[in-house]
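S.K.: Return a 3D structure for these sequence lines:
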Amino acid sequence: MNESRLPYPDRLQAGRVLATHLSDLRGAPDLLVLGLPRGGVPVAHEVALALGAPLDVFIVRKLGYPGHPEYAMGAIASGGVRVMKLMPGMEPSIEAIERIAAEEQAELQRRETLYRGRRQPPVLRGRTVVVVDDGLATGATMEAAVQALRRHQPRHVCVAVPVGARDSCETLAALADRVVCPATPEPFRAVSLWYRDFPQTTDHEVRQLLAEHAAMQETTAGAPGH
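M.R.: The predicted model follows:
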C-alpha cells in the first residue's frame, strides 16, 4: 500500500484493503479468521467476507501501566498466557501487576461469555488461522495471542493488521508463520493516528458482526452446490 493514502477512512475500509493482501488464502482448507476484540473484529469481518472464511474472536487483554492504562506493559490471553513488555525504569510493583492482571482476567472472561454465549470455541488444531487486529503498536497484545494460539497446534498462523510499527511487525515475524501489514509508517506513535474515524468498538457491534457473519455462513452452506 502507498502510505501516502493513509489514514484509512475507518476499520471496515482498512479490512477491505488488508484482505487484498491475503487473497492467496481464499479457498485454503480449514481456513479461520480470528478478530481480536474489540477493534480488530470489524477489520476481521471484512477479511473473512473477502476470503469466504468463518469468523470468530480470540480474547486478549492489554495490561496497562498503573495510572496510564493506554500504555501497554504486557497482555494476557485465553489459556493463561501472559506476555510482559516493561519499559526500563517503569517497572511497577509485583502487587500492581497482579492486581491489573486479575482485573483484566475478569474482563477477558466476561467477553468470552458475552461474545460466544453457548457456542464452543472453534477447533484450531491443524487449521490455517489468520489473526487480525486494527493495528500493531507495541505488539504485546498480538504476541500474547500468537503464543496462546500455538498451544492449540494450528497448522499455520498468519498475523494480519492494516497498519503497524515496523519493529513490532518484525518481532511478530519471529513468532508467526507469516505477518501481513500493508503500512508501517514512521514515526508510528499510535494506531488511532492512521484512521480518520476511530471510535471505540462496542460489545454490541462485536456481537452483531459475529451474528451477521454466522448467518451468512449458514446461508452459503445451505445454498445449492455446497
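S.K.: any idea of the mean pLDDT in the strand with the most length in the chain?
M.R.: Ranked by residue count and defined by DSSP state E, the top strand of the chain is strand 68-77. Mean pLDDT, strand 68-77: 86.
S.K.: Can you list the strands that that strand pairs with?
M.R.: Neighbouring strands of strand 68-77 in its sheet, by DSSP bridges, are strand 60-65 (antiparallel), strand 81-84 (antiparallel).
S.K.: This protein: strands as residue ranges?
M.R.: Under DSSP E, the chain gives strands at 31-35, 55-57, 60-65, 68-77, 81-84, 128-132, 156-160, 178-180.
S.K.: and the second one, what other elements does it pack with?
M.R.: Using 3 or more Cβ pairs under 8 Å, 6 or more residues apart in numbering; DSSP states H and E as the contact definition, the elements that strand 55-57 packs against are strand 31-35, helix 40-51, helix 94-116, helix 203-222. For glycine as for every other residue, the C-beta is placed from the backbone atoms N, C-alpha and C.
S.K.: What strands flank the first one, and is each parallel or antiparallel?
M.R.: The one in question is strand 31-35. Under the rule (DSSP bridges), strand 31-35 has strand 55-57 (parallel), strand 128-132 (parallel) as partners.
S.K.: how many neighbours does Leu12 have?
M.R.: Here the count is done by other Cβ atoms under 10 Å, and Leu12 has 15 residues near it.
S.K.: Sweet, I'm off.
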